[in-house]
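Student: what's the 3D shape of this:
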Amino acid sequence: MPAETDERYHHGNLRAALLAAAEQTARESGVDALSLRDLARQVGVSHAAPRRHFPDRQSLLDALAVNGFQRIDTELRAAVARAGDDFVARLKALTQTYTRFATRDAALLELMFSRKHGENADVFLAAAQPSFTLLEDLLQEGQVQGVLREGPIDQIGIVLFATMHGIAAMTNGHLAPPDLLEGLANTAVEQFVRGAGRA
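Tutor: Here you go, the predicted structure:
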């Protein structure tokens, strides 16, 4: 292994490199295929090197879940910002981005949500909260603009989230063709807005 590669990883990039490799493995082969030994080989370091950041496989999975929540939040916020000021366009951008993430990284998403109900759940709930806050803020924005009728944001948000999650689950289960994903997300938002809109 080249000295400069070893030096680079040993000075702060190894953790990020391992998480990136772990995401790729989870995407291609599932979470069960993850092992610290294999990840070390993928990034070109010794078998012992990953334990500087992840003492065991579970600590790797925990970090991967937290990183997943941070990444989806970053992607959602960027998509909403790019969509401009129109509420419906912003909501479509959020829905499209979530469903793309949930189909591209289905195994990672399953890990993320399973960790919210396990040991150290508070850590994962805190990591997930920014994305849920973004959705709630966006729905409040719709209410303020008069696009959506008044009502409890948490209930309205659960209905929309369940719809997004359902579209992703149907796509992952081969019950809906992947090429329909964006259209289904847009249709879901349009129907949601009509149903939750002002009379």
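Student: from here on, contacts and neighbour counts on C-alpha atoms
Tutor: OK.
Student: quick one, what contacts the most centrally placed residue in the chain?
Tutor: For the chain, the residue nearest the mean C-alpha position is I72 (3.6 Å; Cα atoms, centre = their mean). I72 makes contacts with Y98, F101, S131, as judged by Cα atoms under 8 Å, 6 or more residues apart in numbering.
Student: out of these, who has the most neighbours?
Tutor: Y98 (22 neighbours; other Cα atoms under 10 Å).
Student: In contact with that residue, which residues?
Tutor: I72, L76, M164.
Student: per the record, what domains does the chain have?
Tutor: Following automatic domain parsing, one gets these domains for the chain: 1-54, 56-196.
Student: which one of these has the lowest average pLDDT?
Tutor: With a mean of 82, domain 1-54 has the lowest mean pLDDT of the domains of the chain.
Student: A65 contacts S114, doesn't it?
Tutor: No - look at A65 against S114 with Cα atoms under 8 Å: they stay out of range, at 9.1 Å.
Student: quick one: buried residues of the longest helix seen in the chain?
Tutor: In the chain, with assignment by DSSP state H, the single longest helix is helix 57-82. For helix 57-82, burial by neighbour count (16 or more other Cα atoms under 10 Å) applies to 60-70, 72-73, 75-77, 79-80.
Student: now swap in stretch 18-30 and tell me
Tutor: L18, L19, A20, A21, A22, E23, Q24, T25, A26, R27, G30.
Student: now the helices for the protein?
Tutor: 3-8, 14-29, 36-43, 57-82, 87-104, 106-115, 121-144, 153-172, 181-196.
Student: how about the nearest residue to D73, chain neighbours excluded?
Tutor: S131 (5.1 Å; Cα to Cα, 6 or more residues apart in numbering).
Student: Sorry, wrong one. I was asking about L160.
Tutor: Closest to L160 by Cα to Cα, 6+ apart is F192, at 7.1 Å.
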